[in-house]
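Chemist: The following comprises the amino acid sequence and a computationally predicted model.
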Amino acid sequence: MPKNKRRSLDEWQEFEDGKEYNVRLGLYETVAKNERFYRGEQWKGVGANNLPTPVFNLFKRIIDYYVSNVMSDATVLHYSSIRRGDNKASDEMAGVLSGIAKARWERLKMDSLLSNALLDAALCGDAVAYTYWDPTIKTGQPFRGDFVTRLVENTNVFFGNPNVHDVQAQPYIMISGREMVDEVKKQAKANGRDAHVIGLIDSDSDIFTQSGDRGSIELSGTKCVTLIKLWRNERGTISFKKMVKDAVIIDEVDTGLHLYPICYFNWTRSKNCWHGEAVGTSLIDNQIFVNKAFAMAMKHMMDTAFSKIVYDSTVIDEWSNKVGEAIAVNGPIENVAKAIGTGSMQSGMLELINLAISYTKDMLGATDAALGNVDPKNTSAIIAVQQASAMPLQNVKRQLYQFIEDLGLIWLDFMLCYYGEKRLVPSLDGDWVEFSPKRFKGSVWACSVDVGNSGYYSEITSLNTLDTLLSMGQITLKQYLERIPNNIIPKKQELIDEITASIEKDEEERI
């Protein structure tokens, strides 16, 4: 067997082991079911028994509330130097890194990505982000390429040690996917694979790891499974390889990165397993009960809402309900026909349905006040109740912020490894400056997430408050400039430095 194919088969066995682990967890079935319920397809596999099949999508309502509530806080990546030499130089370099992160955040539409990540975590248990270098990105300068972050389905990610939560402690990480065969062949040719290897690349029907019911529906004969393997090599950096089942597409490449370019967070953390628990899983039984209870109530009303006629068929051959039509009777008309009244339904049934909905929302923090289903007479009280209702989501928010910090460190790794000397990058002030990785590698850098509640706080409110304080003489111009958002005044730091120098000069002249 060719060495190239043997190595591919070795990794493929690790891939099969990872799939088998997920099967034992019931991951694929759980993810498909949760996604199906979110879409509103809630009667599949549920015995209707000739009942109507209404859908009252409490499931989607609660999860959408969770996602929007967590996303109500605006987040900003911020870099700082842990080991400082020249404080001013460190601040300048931190500003450059933060400026790059801000520009990439907007370019990659990270707010939308985070919203989708939260939805993934709510339905699947985990949200996973993979960052890679795309050499085709044009920058308008001699330098080409930039890092890109995209979400990966948790059903397509396989840890070498799935009982450990720490990404950076993994012996290896694999990412599977389904790509167009023609594109995979182009990649193989671009990476120097010979005609024999390229000929081994063929379409398949292995859709097992695809997330959701719709993932199994494809154009036939167009795609194949691809597998990316990442591991830490003997030099301590991350190596990369890409393959299909019978051939290696990209042989081992030392990326130079010091961190696995993967980060994730759980909705609810599970012990001794990197996969988390989806909040949607616990909602399904309640949703089924609500739908079935409503269906039975509908069926009862459909069957009993109208009166029925009972008649003596020995006297009348056929009954007609036509308006004004005379009915001939052979004999006395007493006790020939009788109308049976409508049936009544126990009011307790509707109360039980309402209680099931109410308790489900209350236990999950999605109260009527939180969802906005209240009369807004006392807005202060409503805001207080909404904030109190959001308390159960604080753990999810903390995990999301840690996820963003981990992503920021991965971005930093790409900046220092792949950005060339004198590459022009955007700064926080909106100017373009030359980037020099050599200046940054001498320091130890940290990444943090600045959080501001965009629902009850905004930059406009902050700026109006600062304007008032300045006009009243309660703060100085320097204090004002240090506190306004960075994108309001260009070259803000230079202006602060000039004011500081002017103040120092005045003090020296006074002495």
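Modeler: Great, that's in hand. Since the structure is predicted, the reported quantities are computational estimates derived from the model, not experimental observations.

Chemist: Buried by neighbour count: which residues of the single longest strand found in the chain qualify?
Modeler: What stands out as the longest strand in the chain, according to DSSP state E, is strand 126-138. Going by neighbour count (16 or more other CB atoms under 10 Å), the buried part of strand 126-138 is 126, 127, 128, 129, 130, 131, 133. Every C-beta, even on glycine, is put in place using the N, C-alpha and C of the backbone.

Chemist: Relative to residue 93, how far out is the last one?
Modeler: Per CB to CB, to the nearest Å, residue 133 is found 22 Å from residue 93.

Chemist: now stretch 466-481, how far from the centre of its chain.
Modeler: 40 Å (CA atoms, centre = their mean, to the nearest Å).

Chemist: my guess is residue 309 meets residue 319, correct?
Modeler: Yes: with contact defined as CB atoms under 8 Å, residue 309 reaches residue 319; the gap is 5.8 Å.

Chemist: what sits in contact with each of those two?
Modeler: residue 337 (CB atoms under 8 Å, 6 or more residues apart in numbering).

Chemist: Quick one: mean pLDDT for the longest helix along the chain?
Modeler: Assignment by DSSP state H gives helix 394-418 as the longest helix of the chain. Averaging pLDDT along helix 394-418 yields 93.

Chemist: again with stretch 211-222
Modeler: For stretch 211-222, the per-residue pLDDT averages 86.

Chemist: what's the first-to-last distance across that stretch?
Modeler: Start and end residues of stretch 211-222 are separated by 18 Å (CA to CA, to the nearest Å).

Chemist: go on, stretch 32-48?
Modeler: 20 Å.

Chemist: where does this structure dip in pLDDT?
Modeler: The chain contains residues with pLDDT under 70 at 1-9, 83-89, 323-324, 339-345, 365-392, 442, 452-462, 486-487, 511.

Chemist: centroid residue for it?
Modeler: Geometric centre of the chain, nearest residue: residue 117, 1.0 Å, by CA atoms, centre = their mean.

Chemist: ok, that one touching residue 403?
Modeler: Yes: between residue 117 and residue 403 there is a contact under CB under 8 Å: 7.4 Å.

Chemist: joint contacts of these two?
Modeler: By CB under 8 Å, 6+ apart, the residues touching both residue 117 and residue 403 are 127, 129, 265.

Chemist: picking that back up, could you point out the helix or strand that follows the longest helix of the chain?
Modeler: Downstream of helix 394-418, the next assigned helix or strand under DSSP states H and E is strand 423-426.

Chemist: gap between that next one and the chain center?
Modeler: 30 Å.

Chemist: who's in contact with it?
Modeler: Applying CB under 8 Å, 6+ apart, the contact partners of strand 423-426 are 96, 99-100, 102-103, 139, 141, 143, 419, 432-435.

Chemist: for the helix or strand just after that strand, packing partners?
Modeler: Going down the chain from strand 423-426, the next helix or strand is strand 432-435, by DSSP H and E. On a contact count with 3 or more CB pairs under 8 Å, 6 or more residues apart in numbering; DSSP states H and E, strand 432-435 meets helix 87-107, strand 423-426.

Chemist: out of these, nearest to residue 484?
Modeler: Of all the helices and strands packed on strand 432-435, the one in closest proximity to residue 484, counting by CB to CB, is helix 87-107 (15.2 Å).

Chemist: Could you check the angle whatever helix or strand comes next after that closest one makes with strand 126-138?
Modeler: Following helix 87-107 in sequence order, the next helix or strand is helix 110-124 (DSSP H and E). Going by axes from the mean of the first three to the mean of the last three CA atoms, to 10 degrees, helix 110-124 is angled at 150 degrees with respect to strand 126-138.

Chemist: Could you pull up the residues touching residue 33?
Modeler: residue 284.

Chemist: What helix or strand is it located in?
Modeler: Applying DSSP H and E, one finds residue 33 within helix 27-39.

Chemist: What residues of that helix count as buried?
Modeler: 27, 28, 30, 31, 32, 33, 34, 35, 36, 37, 38.

Chemist: Am I right that residue 78 sits in a strand?
Modeler: Yes: looking at residue 78 with DSSP: H, G, I helix; E, B strand; the rest coil, it is inside a strand.

Chemist: circling back to that earlier point, dump the helices and strands packed on strand 432-435 to CSV, plus mean neighbour count.
Modeler: Below are these laid out as CSV (neighbours: other CB atoms under 10 Å):
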stretch, mean neighbour count
helix 87-107, 18
strand 423-426, 17
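
Chemist: To residue 488, which of the ones you listed lies closest?
Modeler: helix 87-107 (14.0 Å).

Chemist: So which residues make contact with the closest one?
Modeler: 76-81, 84, 110-111, 146-147, 408, 411-412, 415, 425-429, 433, 435, 439-440, 443, 445, 493.

Chemist: circling back to that earlier point, the residue nearest to the residue nearest to the centre of the chain when sequence neighbours are not counted and residue 70: what is the separation?
Modeler: Spatial nearest neighbour of residue 117, chain neighbours left out: residue 127 (3.7 Å); criterion: CB to CB, 6 or more residues apart in numbering. The gap separating residue 127 from residue 70 is 11 Å, by CB to CB.

Chemist: Overlap of the contact sets of these two?
Modeler: residue 118.

Chemist: Which residues does the one helix or strand residue 447 maps to contact?
Modeler: Element membership for residue 447, per DSSP H and E: strand 445-453. Residues from elsewhere that reach strand 445-453, judged by CB under 8 Å, 6+ apart: 72-82, 94, 97, 401, 404-405, 408-409, 412.

Chemist: are any of those buried, and which?
Modeler: Buried, going by 16+ other CB under 10 Å: 73, 75-81, 94, 97, 401, 404-405, 408-409, 412, out of those.

Chemist: just to revisit the earlier point, okay, the angle between the very next helix or strand once past the longest strand of the chain and helix 394-418?
Modeler: For strand 126-138, the following helix or strand on the C-terminal side (DSSP H and E) is strand 144-152. Angle of strand 144-152 versus helix 394-418, following the same axes, to 10 degrees, is 150 degrees.

Chemist: before we move on, what SS does residue 499 have?
Modeler: helix.

Chemist: Could I get the contacting residues of it?
Modeler: 477, 478, 481.

Chemist: switch to 10 Å and redo it
Modeler: 476, 477, 478, 481, 482 (CB atoms under 10 Å, 6 or more residues apart in numbering).

Chemist: these two touch, right, residue 291 and residue 44?
Modeler: No: using CB atoms under 10 Å as the test, residue 291 is too far from residue 44 to be in contact (11.8 Å).

Chemist: Name the residue in those two with the higher neighbour count.
Modeler: Each of residue 291 and residue 44 has its neighbours counted (other CB atoms under 10 Å); residue 291 has more, 23 against 10.

Chemist: residues contacting that one?
Modeler: Here residue 291 is in contact with 42-43, 46, 48, 51-59 (CB under 10 Å, 6+ apart).
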